[in-house]
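**Q** Sequence first, predicted model second:
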Amino acid sequence: MMHLKGACVLSSAGEESESDDDASPIGSGDGAERSCDDVDGILADRPHSDKLAKASQAKRSRMPAGSSRQRLPTASVMTVAVIHERLACWWPQLPKLLASAECTYTVTATSPVCIPHSVRWHCIDEKESLSYAEAGDPLGELLVVWPTSELQLHDSSGTLNELLQRAQSESASYRSGLPLGLVLVGKKSPELESRISELQLELAISVRRVDNEPQLADLLATYARPLNSLAKKVTGTDHLAEPEDFLGGLSARDVLNNKKSRIAHRAPRNHEEAWLGALQQIVPDNTARAIFNDYPSFRRLYEQYKASGDHADALLENIQIGKVRRLGRARSAKVHRILMATVGQAFDELGTY
C-alpha cells in the first residue's frame, strides 16, 4: 500500500506495548524521581515484548526483494525520519508539525538498534511501506533528542556522561564514523550552556539547541532535505536535484543562519526561500528581491549565465531596482563573479561588495 508523505506508521503493526512504564515518557515531569536502575535502563530499552519482536521479525521477512540495501531501487527514493515513540509522547504535536513541514517520518519502538528518544534517517524506495524504513540505507548522524530538563536531571544524578557514552557506542551500529548528535529543546541558561560546552569537548558530540516543538520540527525537516539529495545522488536519481555548488561560496549553514531570510522566525523550507535568503546575504534586500522576481531559482539564473557566454556578467544590468534605478553593469558583474566563483573566490567577493 502506498503511504503519503507525513503519514505516521507504528512499527509495532498496531499492537500495544505490554510494558507499563511506556504509558508516559520517562522524566517528563519536573522533579521526577528516578533510580540508577531506571537511568541504566533507558538505553538498554529494547522491544517491549516478545510478541512485538516477533512481529517486527516477521514483517522484515515479508519485505519485497527490492527493499534490501544491496538492491535499492533507483527509480525514485525518499528519506524517512525514524522517530522513537517516546519523542511523540514528550512532544505530541511533533508528528503533525513534521507532516506540515513535508518531512516524511515513521514512529517506531521495535528496532533492535533504536535508541530511546532518538531520530534516525533511512533511504527507501518511494513505493515501499514506511513501516519498512528501518531496513533502508542509513543516512546522516543519529540524533538523541531531550528536553533541557532531562539533561539537567541526568547531570544532577551524575549519570550524564555515562549515558551519552553508551549512546555513542550504540549509535556506531547505526552509522559509524559520524558523531552522536544531541538536540536539546527548551530555554537556555548560563549554567546549561557551560555544561553543553564541556560535553562537546569531552565526548566530541554535536549539540544543537531549539526553543520549542515547532523549532524541533523545523530542525528535523532541515536535516531531511540535504539527506534526501544525498540519497538521490547515491542511487543515481539526482537528475531533478538543484545544482550541488549552491552559490559557490555560501553553505547551507550560511543560509539557515541568515536572519533576513527567516520567515516567521523559522529556517527556509524550500529552494525558493533558501535562494532568496542567499541573495539577501550578497546584495541589499531590495536588489535581492528584484533578482528573485526575474530568476526565482538558482538553476534558472545559472542556466541563463551559461547560455549568455562571454556576456554573462551583464545579464542583470537592466534589472529594475525600485521605480527608476537599475542594477547597472558594475554591480551586475560583481554579482556574477560571486555566484559563479569558486569557494575561495566567493568569500573574497562577499567581503568587498
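**A** Thanks, I have it. Numbers count the residues shown, from 1 in each chain.
**Q** Tell me, how many residues neighbour the closest residue in space to residue 203 that isn't next to it in sequence?
**A** Leaving aside its chain neighbours, residue 203 sits nearest to residue 164 (5.7 Å; criterion: C-beta to C-beta, 6 or more residues apart in numbering). For every residue, glycine as well, the C-beta is placed using N, CA and C. The local packing of residue 164 (other C-beta atoms under 10 Å) involves 20 other residues.
**Q** I figured residue 164 was touching residue 205, is that so?
**A** Yes - the criterion here is C-beta atoms under 8 Å, and residue 164 meets it with residue 205 at 6.5 Å.
**Q** Overlap of the contact sets of these two?
**A** The contact sets of residue 164 and residue 205 overlap at 180, 182, 199 (C-beta atoms under 8 Å, 6 or more residues apart in numbering).
**Q** Disregarding flanking residues, what is the spatial nearest neighbour of the second one?
**A** Spatial nearest neighbour of residue 182, chain neighbours left out: residue 207 (4.8 Å); criterion: C-beta to C-beta, 6+ apart.
**Q** Now do the strands in the chain.
**A** Applying DSSP state E to the chain gives strands spanning 77-84, 105-108, 118-125, 137-147, 181-185, 206-210, 320-321, 325-326.
**Q** Compare those strands and say which comes out lowest on pLDDT.
**A** Mean pLDDT values for these show the minimum at strand 118-125, a mean of 71.
**Q** What separation do you get for the closest residue to residue 200 other than its chain neighbours and residue 183?
**A** Closest residue to residue 200 apart from its sequence neighbours, by C-beta to C-beta, 6+ apart: residue 207 at 5.6 Å. Separation of residue 207 from residue 183 (C-beta to C-beta, to the nearest Å) stands at 8 Å.
**Q** still on that earlier bit, quick one: neighbours of the residue nearest to residue 182, just the number.
**A** With other C-beta under 10 Å as criterion, residue 207 counts 17.
**Q** Now do it against residue 180, distance only.
**A** Remark: distance between residue 207 and residue 180 (C-beta to C-beta) = 10 Å.
**Q** Would you check that residue 182 makes contact with residue 146?
**A** Yes - using C-beta under 8 Å, residue 182 makes contact with residue 146 at a distance of 7.1 Å.
**Q** Output the below-cut-off pLDDT ranges for the protein.
**A** Residue ranges of the chain with pLDDT under 70: 1-78, 109-115, 123-141, 171-178, 225-270, 341-353.
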